[in-house]
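Colleague: generate coordinates for the sequence data below:
(chains A and B)
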Amino acid sequence: MLLFARYAELLGASSVSIELAPGATIADVVAGVRALPGGDQLPDRPLCARNLAMARLEEVVVPGDELALLPPMAGG
Amino acid sequence: MRYLSSAPLDTTTLLESIRDPSRGAVVTFVGAVRNHDGGRPVVALEYSAYGPMAEAVCGQIIAEASERWPATVALMHRIGRLVPGDDAVVVAAAASHRDAAFQAARWVIDEVKRRVPIWKREHYADGAADWIIPPEAVAAE
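Modeller: Coordinates of the predicted model:
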């Protein structure tokens, strides 16, 4: 799972690997990230993206998916 | 990269890409780095992005704008370290008439701020730095 901006700072990494069981959802990945050092400061239900589009936490993850946790957007 | 640039934005080329004698109304919005925020003097702003997704979302915004208004729209967003006065984002819209041009440009910049995965970190004169969370930003589902 890719991390950006403040979330990358919190976890001390721009990406983390989480072991998943088949049928795991994005929410399961988030739970895994929140269990890492620094991860407890993430929101319970952060914005997440799957394959370059906004995704819902209930979506099932499939092999090859690119996941990202997105802090509140501040462009423009 | 089509919509993101790590080099200073070339507004002239951006305008040329949408101008046409059939489109007489041309609106340009430039968002430049401010030297103050909440009463604190700002010395620099660092923009970072989830590049591939930012490019995809910018493309979607441009396409949606073209469907909503009879206008041609272009946008560029700078990433990297900027100082006050630097152009951070440019949105330009060209249409036959000004209503569509103004409305399309306004809508595009609002959408960029709402849904493009770009983040900014403000640096202050005292050496402190904060990640910026716009008041209207969505943090979580």
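
Colleague: for the lowest-mean-pLDDT helix or strand in chain B, packing partners?
Modeller: The least trusted helix or strand in chain B, going by mean pLDDT, DSSP states H and E, turns out to be strand B:36-37, with a mean of 92. Judged by 3 or more C-beta pairs under 8 Å, 6 or more residues apart in numbering or on different chains; DSSP states H and E, strand B:36-37 is in contact with no other helix or strand. Where C-beta positions appear, they are placed from N, C-alpha and C, glycine not excepted.

Colleague: direction included, what does that strand pair up with?
Modeller: strand B:40-49 (antiparallel) (DSSP bridges).

Colleague: and the contacts of the partner strand?
Modeller: A:4-5, A:75, B:4, B:33-36, B:77-84, B:86, B:88, B:116-125, B:129 (C-beta atoms under 8 Å, 6 or more residues apart in numbering or on different chains).

Colleague: what's the nearest residue in chain A when you look at chain B?
Modeller: Ranked by C-beta to the nearest C-beta, the top residue of chain A for proximity to chain B is A:Gly75, at 2.9 Å.

Colleague: got the contact list for that residue?
Modeller: Contacts of A:Gly75 (C-beta under 8 Å, 6+ apart): B:Tyr47, B:Ala49, B:Ala54, B:His77, B:Val89, B:Val112, B:Lys113, B:Val116, B:Pro117, B:Ile118, B:Trp119, B:Lys120.

Colleague: so which of those residues are in strands?
Modeller: B:Tyr47, B:Ala49, B:His77, B:Val89, B:Ile118, B:Trp119, B:Lys120 (DSSP state E).

Colleague: show me the residue at the heart of the chain, geometrically.
Modeller: Going with chain A. Nearest residue to the geometric centre of chain A (C-alpha atoms, centre = their mean): A:Leu69, 3.7 Å.

Colleague: wrong one, I was asking about chain B
Modeller: Closest-to-mean residue, chain B, C-alpha atoms, centre = their mean: B:Val89 / 3.3 Å.

Colleague: residue farthest from the centroid of chain B?
Modeller: Residue of chain B lying farthest from the centroid, by C-alpha atoms, centre = their mean: B:Asp126 (27.7 Å).

Colleague: circling back to that earlier point, filter the contacts of strand B:40-49 down to the buried ones, ChimeraX style.
Modeller: A single ChimeraX command selects the buried members of the contacts of strand B:40-49 (16 or more other C-beta atoms under 10 Å in any protein chain shown):
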select /A:4,5,75 /B:4,33,77,78,79,82,88,116,117,118,119,120,121,122,123
